[in-house]
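A.B. asks: from the sequence below, what's the structure:
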Amino acid sequence: MTNQIDRFFSALSDPTRRAVIERLTRGSAPVSELHAPHDIALPTFLRHLRVLEDAGLVRSEKKGRIRTVHIEAGPLAEAEDWLRRQRRIWEARLDRLGALAEGLEEPLKQEETE
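C.D. replies: From the prediction side, this is the model:
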């Protein structure tokens with residue numbers, strides 16, 4: 001799973017690829033439509049799509065001369081689960097740190113009142 005998470009975050013580290021994913025959340029689209037808003041050469045854009053496909057974030061299918069790209073929800077759900085677990089871990093650590101800080105403040109407050 002770690003390898004999948006690594007590929008997921010690596011694929012989304014690029015703004016062009018994030019824009020493609022964001023566009024695909026509204027529905028599948030042909031490569032030409034996905035490429036249109038980006039000021040890069042088509043071969044470069046196709047490399048971005050390949051990275052997303054290798055990470056399992058998108059899949060494409062060709063019918064005739066049209067290649068249509070679809071989003072894949074599985075890796076997004078896996079990343080969401082991973083982030084949720086990380087959040088629980090860090091919230092617990094911060095809660096313990098807060099409790100420790102409160103425990104250290106109590107003796108200081110008592111000294112000030114004496």
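
A.B. asks: burial of residue 92, as a residue count?
C.D. replies: A count of nearby residues for residue 92, using other CB atoms under 10 Å, gives 10. No exception for glycine: its C-beta is placed from N, CA and C like everyone else's.

A.B. asks: distance of it relative to residue 80?
C.D. replies: Counting by CB to CB, to the nearest Å, the gap from residue 92 to residue 80 is 19 Å.

A.B. asks: for residue 16, what are its contacts?
C.D. replies: Neighbouring residues of residue 16 by CB atoms under 8 Å, 6 or more residues apart in numbering: 38, 40, 45, 48.

A.B. asks: repeat the analysis, applying 7 Å as the threshold.
C.D. replies: Residue 16 is in contact with 38, 48, counting by CB atoms under 7 Å, 6 or more residues apart in numbering.

A.B. asks: any idea which element it lies in?
C.D. replies: Assigning secondary structure by DSSP states H and E places residue 16 in helix 15-24.

A.B. asks: and residue 59, by the same measure?
C.D. replies: strand 58-63.

A.B. asks: continuing past that strand, what's the next helix or strand?
C.D. replies: Sequence order places strand 66-71 as the next helix or strand after strand 58-63, per DSSP H and E.
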